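Enquirer: just a sequence and a predicted model for now, questions to come.
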Amino acid sequence: DQQVKQNSPSLSVQEGRISILNCDYTNSMFDYFLWYKKYPAEGPTFLISISSIKDKNEDGRFTVFLNKSAKHLSLHIVPSQPGDSAVYFCAASASGTASKLTFGTGTRLQVTL
Amino acid sequence: DVKVTQSSRYLVKRTGEKVFLECVQDMDHENMFWYRQDPGLGLRLIYFSYDVKMKEKGDIPEGYSVSREKKERFSLILESASTNQTSMYLCASSLGGPPKTQYFGPGTRLLVL
């Protein structure tokens, strides 16, 4: 039972354009969401997060949007750069779950020149 | 900066061997986690610990055990390695309370022959 879904295994975007990565969840108890970026042969690195009391959080080129009614979040990267090419995982957490995170299956982003 | 280190980057073991994967964090985090990452399956939680000598099963604990004798160290043990345990193993740590951001080590790529 995949509670966090990333339905696009891969995405290709031209340098300078916007990258939009999507994530859907089914558990209505999730109240904190995170995005991680992972390069090959490295551990995931934290990118940005959002609490369910907000619908948008921005950090430089990265913005996360949360639509609670649709149980959907998205990560926008503007402008995309070649160094953004990586696998992106979304993750979700519910209150009282001892900081456990449930991860999606990941989306591989390739930013082309 | 949070630093999570893992004892090995690459390991090759034989079927039936006992395997120890060690993880150390230097930020006095209460929580520590072990995941495995497989293509198309994302990150799956094996075990986690929210205090010294405490452990909780994750989503896929079968074939694994853990040990947390000191706050900074969390070990994953494969009692009798099997080929289906060939994977990338990732350790993470986080604070006991919010935010729930987990910080990852570089990973150990384990090959069981």
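Expert: Received, thanks.
Enquirer: which residue sits closest to whatever residue of chain A ends up closest to chain B, ignoring its sequence neighbours?
Expert: Closest contact between chain A and chain B, by C-beta to the nearest C-beta, is at A:Gly43 (3.5 Å). C-beta: built from backbone N, CA, C; applies to glycine. With sequence-adjacent residues excluded and distances taken as C-beta to C-beta, 6 or more residues apart in numbering or on different chains, A:Gly43 is closest to B:Phe104, at 3.5 Å.
Enquirer: check contacts around the residue of chain B found nearest chain A.
Expert: Relative to chain A, the nearest point of chain B is B:Phe104 (3.5 Å; C-beta to the nearest C-beta). Going by C-beta atoms under 8 Å, 6 or more residues apart in numbering or on different chains, B:Phe104 touches A:36, A:43-45, B:4, B:90-92.
Enquirer: for the residue nearest to the spatial centre of chain B, what are its contacts?
Expert: Central residue of chain B (C-alpha atoms, centre = their mean): B:Trp34, 2.8 Å from the mean position. Shown in contact with B:Trp34 (C-beta under 8 Å, 6+ apart): B:21, B:23, B:45-48, B:58, B:64, B:66, B:74, B:76, B:89-91.
Enquirer: for it, what is the enclosing helix or strand?
Expert: Counting by DSSP states H and E, the element that carries B:Trp34 is strand B:31-38.
Enquirer: for the record, mean pLDDT for the very next helix or strand once past that strand?
Expert: Moving toward the C-terminus from strand B:31-38, the first helix or strand encountered (DSSP H and E) is strand B:42-49. The predicted model assigns strand B:42-49 a mean pLDDT of 94.
Enquirer: cool, and stretch B:87-101?
Expert: For stretch B:87-101, the per-residue pLDDT averages 87.
Enquirer: near chain A at all, it?
Expert: Yes - under the criterion of C-beta under 8 Å from any C-beta of the partner chain, chain A is reached by stretch B:87-101 at B:90, B:92, B:94-96, B:98-101.
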